[in-house]
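**Q** What follows is a predicted protein model with its sequence.
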2 protein chains.
Amino acid sequence: MTATARKPRNAAKPVDVCQIECVHRDAVTRAASALKPESTLQRLGEFYKALGDPTRLKIITALVHEELCVCDIACLTGMSESAISHQLRVLRAARLVKYRRHGRIVYYSLADGHVADIIEQGLRHAEE
Amino acid sequence: MTATARKPRNAAKPVDVCQIECVHRDAVTRAASALKPESTLQRLGEFYKALGDPTRLKIITALVHEELCVCDIACLTGMSESAISHQLRVLRAARLVKYRRHGRIVYYSLADGHVADIIEQGLRHAEE
DNA sequence: TTATCATATGAACAGATATTCATATTTAGA
DNA sequence: TCTAAATATGAATATCTGTTCATATGATAA
């Protein structure tokens, strides 16, 4: 997004976004100026990507109800503890889960209420 | 999820889910019985996975405001029309978008209001 | 019909990703 | 201390994914 060259009139806003031919220049201009900042889209994309894997989604939906340790999650999902640990790292990086340590056991839970809200809205959408 | 062998008492519900050692058998049992059906999780996972790519997420957020044709989206995103067409196919398969044809131009829009609601909730979460 | 525009599709390839296996770390108990 | 349990991490690998390029389809206009 570099500075834009101005056009005197008629253009709602100048678009330099567009290298390709576009059919509706005005619609593209509106869409471009309504677009959320790249940083927001990137964060949201990583959030969704983290939820877009079957193993991780199962982990997250399980954690909606109560905290679980790595062992429990492995047990619940039928996957190896190592695989679960790797996936939990992804979920941690995406700030979807938090954890607390009790002795050698690590309990994972959802990072905050927002995550639960989002998942529940998603589930309602998927269930209908 | 096959049929479960019964245990007389004390088990909230029998678990055959668990091949691995698990630390909290009761918690796993509760989590297992609260788990959503595989079909629901799969649909939701595909939904999130579709949103988990930066190009597709940009397309979807743009479509929140108004419908756009393939050309416009290519223009807006700075990607080739072919790439966009491929991504729109993924979004169609995940039932995130619908389209209408007008002459040789195809206009894409969000499949329904739910999608917009979900995206807006996600954006609020990502923006804070 | 023929030419052209807008879009779709298939093959190919580079890059990303999820799991496994081996190993490291951290904590509790002996 | 030493051992074992619970978890984390790194490397390797097989699979998946997104883009490009070439080509096909479908619709309009000439």
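**A** Looks like it came in fine. Numbering: from 1, shown residues only, chains lettered A, B, ... in the order given.
**Q** helix or strand for the closest residue to A:Leu44 other than its chain neighbours, which one?
**A** Residue nearest to A:Leu44 in three dimensions, not counting chain neighbours: B:Ala126, with 3.9 Å by C-beta to C-beta, 6 or more residues apart in numbering or on different chains. Just so you know, the C-beta spots here come from the backbone N, C-alpha and C atoms, and that holds for glycine as well. Assigned by DSSP states H and E, B:Ala126 falls within helix B:113-127.
**Q** Which element, helix or strand, includes the residue most central in space within chain A?
**A** The centroid of chain A falls nearest to A:Phe47 when counting by C-alpha atoms, centre = their mean (1.5 Å). When elements are assigned from DSSP H and E, A:Phe47 belongs to helix A:38-51.
**Q** What parts of chain A come near DNA strand C?
**A** For chain A, the residues in contact with DNA strand C under the definition C-beta under 7 Å from any atom of the strand are A:21, A:23, A:49, A:53-56, A:79-80, A:82-83, A:86-87, A:90, A:101, A:103-104.
**Q** Which ones among the residues you listed map onto strands?
**A** Members of these lying in strands (criterion: DSSP state E): A:Arg101.
**Q** Mind checking which of the residues of chain A next to DNA strand C are buried?
**A** Those of those that meet the buried threshold are A:49, A:53, A:55-56, A:79, A:87, A:90, by 16 or more other C-beta atoms under 10 Å in any protein chain shown.
**Q** Make JSON lines from the residues you listed and add pLDDT and distance to A:Arg30 to it.
**A** What follows is those, written out as JSON lines (pLDDT from 0 to 100; distance: C-beta to C-beta, whole Å):
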{"residue": "A:Lys49", "pLDDT": "98", "distance to A:Arg30": "28"}
{"residue": "A:Asp53", "pLDDT": "98", "distance to A:Arg30": "35"}
{"residue": "A:Thr55", "pLDDT": "98", "distance to A:Arg30": "40"}
{"residue": "A:Arg56", "pLDDT": "98", "distance to A:Arg30": "36"}
{"residue": "A:Met79", "pLDDT": "95", "distance to A:Arg30": "46"}
{"residue": "A:Gln87", "pLDDT": "98", "distance to A:Arg30": "40"}
{"residue": "A:Val90", "pLDDT": "98", "distance to A:Arg30": "36"}
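**Q** Near chain B, list only the ones from those residues.
**A** Among these, the ones lying close to chain B by the criterion of C-beta under 8 Å from any C-beta of the partner chain are A:49, A:53.
**Q** out of the buried ones among the residues of chain A next to DNA strand C, which one sits closest to chain B?
**A** Here the nearest of these to chain B, counting by C-beta to the nearest C-beta, is A:Lys49; it sits at 3.2 Å.
**Q** The residue lying closest to the closest one once chain neighbours are set aside - how many residues pack around it?
**A** Closest residue to A:Lys49 apart from its sequence neighbours, by C-beta to C-beta, 6+ apart: B:Gly52 at 3.2 Å. In terms of burial, B:Gly52 registers 20 neighbours under the definition other C-beta atoms under 10 Å in any protein chain shown.
**Q** hmm, back to that, which of the residues of chain A next to DNA strand C fall in helices?
**A** Secondary structure from DSSP state H places A:49, A:54-56, A:82-83, A:86-87, A:90 of the residues of chain A next to DNA strand C in helices.
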